[in-house]
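Engineer: return atomic coordinates for the entry below.
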Amino acid sequence: LEKDDSDPDKSFHRQDFPDAPQDHLERFVFGIAMMGPSKRKEFLDTEWLREWMCNNYYKLSLQNIVRINRYLVQIRSFDKAYLEVFVEFFCANMEQLTKSDVQDLTHTYNHARIGEEAIGRHFFWALGRQFQQQHVKRVAAKTGRR
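Structural biologist: Residues are numbered from 1 along each chain as shown. Predicted structure coming up:
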């Protein structure tokens, strides 16, 4: 067979992929993290993924970035410098974070043992403030107040 002759009689249906592959990255990394959640996975080389994430963060939703970073920390396949790079990005997009995003970010940086000394107090203060704002919105919506 020559190039493009893999289906000469056109008997196979062409498969369309409506979603971009990166749209499934969060679910894929979650699956890896949940395969034996109590087992360490330091043997996994995720340097290529972290490099891709730094170069292509604009192709992912904010929520996916938050969750992928959390799962990388869960499987203990992260670099502190990599997580520190995203602090400024999260601060710039703080208003878009949901309550669960804030919780995930807090768990991510605490589990990675990256504290105020490394990234400053402002980040954790802003996360706490955003969490409170989201909580107030939720309570107000439940009670019918604005």
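
Engineer: which other helices and strands contact the helix or strand that contains Val85?
Structural biologist: Using DSSP states H and E, Val85 sits within helix 80-92. The contact analysis (3 or more C-beta pairs under 8 Å, 6 or more residues apart in numbering; DSSP states H and E) places helix 80-92 against helix 47-56, helix 62-74, helix 99-111, helix 116-119, helix 121-143. Placement of C-beta: from N, CA and C, glycine included.

Engineer: out of these, flag the one nearest Pro21.
Structural biologist: helix 47-56 (11.2 Å; C-beta to C-beta).

Engineer: helices or strands up against that closest one?
Structural biologist: Against helix 47-56 (3+ C-beta pairs under 8 Å, 6+ apart) you get helix 62-74, helix 80-92.

Engineer: quick one: average pLDDT of the last one?
Structural biologist: Mean pLDDT, computed over helix 80-92, is 93.

Engineer: in it, what counts as buried?
Structural biologist: Tyr82, Leu83, Phe86, Val87, Phe90 (16 or more other C-beta atoms under 10 Å).

Engineer: find the nearest non-adjacent residue to the last one, please.
Structural biologist: I take that to be Phe90. Nearest residue to Phe90, sequence neighbours excluded (C-beta to C-beta, 6 or more residues apart in numbering): Leu105, at 6.4 Å.

Engineer: that concludes my questions; thank you for your assistance.
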